[in-house]
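J.: sequence first, predicted model second:
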Amino acid sequence: MASSSSLLVTIFLCISFFFCLSVDANEVTVGGKSGDWKIPPSASFSFNEWAQKARFKVGDSIVFKYEAGKDSVLQVTREAYEKCNTTSPKASYTDGNTKLKLDQSGPVYFISGTEGHCQKGQKLRLVVVTPRNSAFSPAPSPSEFDGPAVAPTSGAAKLTGAFAVLNLVLGFWTLF
């Protein structure tokens with residue numbers, strides 16, 4: 001009876017371990033807590049300065065919130081970003097609540113599709129990095145005053161994963 005309950009505990013811990021390791025991506029709202037994709041309200045705010053306060057990893061998602069029909073999000077090349085060129089975007093989004101998964105590392109460029117908005121600062125360059133593979137690496141902590149709005153589960157996942165490893169080892173140890 002003791003070994004069958006130990007086996008059940010071990011199976012449960014294995015499932016918990018793999019679930020905890022898979023919860024590693026963040027969902028970040030562009031613009032931080034205000035969460036508005038619009039012309040910056042003042043010269044002191046820049047989407048790029050906001051983005052530099054965070055670490056964006058492959059697998060993370062970013063969310064653009066804006067008024068559908070009056071604005072849009074264009075994913076563009078570096079050259080189009082620098083020149084605010086809206087003519088040939090890589091992708092165009094107009095739904096008002098655009099969620100994009102960051103699926104490769106490197107710089108990614110976004111501009112507003114509304115005439116004149118990019119020139120007034122409604123543009124974003126962010127750098128996506130490859131996530132660390134270790135279950136014991138610390139989660140990013142980009143939350144300062146008006147930093148990006150990050151889903152609250154991201155930091156706990158790695159710590160829980162570390163405890164799951166320990167529990168898994170202890171569970172196997174009880175089998176012997």
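T.: Cool, the structure landed.
J.: for residue 95, grab the count of nearby residues.
T.: Residue 95 has 12 neighbours, counted by other C-beta atoms under 10 Å. (Each C-beta comes from the backbone N, C-alpha and C, glycine too.)
J.: I'd guess it is in a strand, am I close?
T.: No - counting by DSSP: H, G, I helix; E, B strand; the rest coil, residue 95 is not found in a strand; it is coil.
J.: nearest residue to it in space, please, no chain neighbours.
T.: Nearest residue to residue 95 in three dimensions, chain neighbours excluded: residue 68, at 5.7 Å (C-beta to C-beta, 6 or more residues apart in numbering).
J.: part of a helix, is residue 51?
T.: Yes - judged by three-state DSSP, residue 51 forms part of a helix.
J.: hang on, isn't it packed against residue 126?
T.: Yes - with contacts defined as C-beta atoms under 8 Å, residue 51 counts as touching residue 126 at a distance of 4.3 Å.
J.: isn't the residue nearest to residue 95 right up against residue 96?
T.: Yes - using C-beta under 8 Å, residue 68 makes contact with residue 96 at a distance of 3.1 Å.
J.: compare those two (neighbour count), which wins?
T.: Just comparing residue 68 and residue 96: by other C-beta under 10 Å the higher neighbour count belongs to residue 96, 16 against 12.
J.: tell me the contacts of that one?
T.: Residue 96 is in contact with 65-69, counting by C-beta atoms under 8 Å, 6 or more residues apart in numbering.
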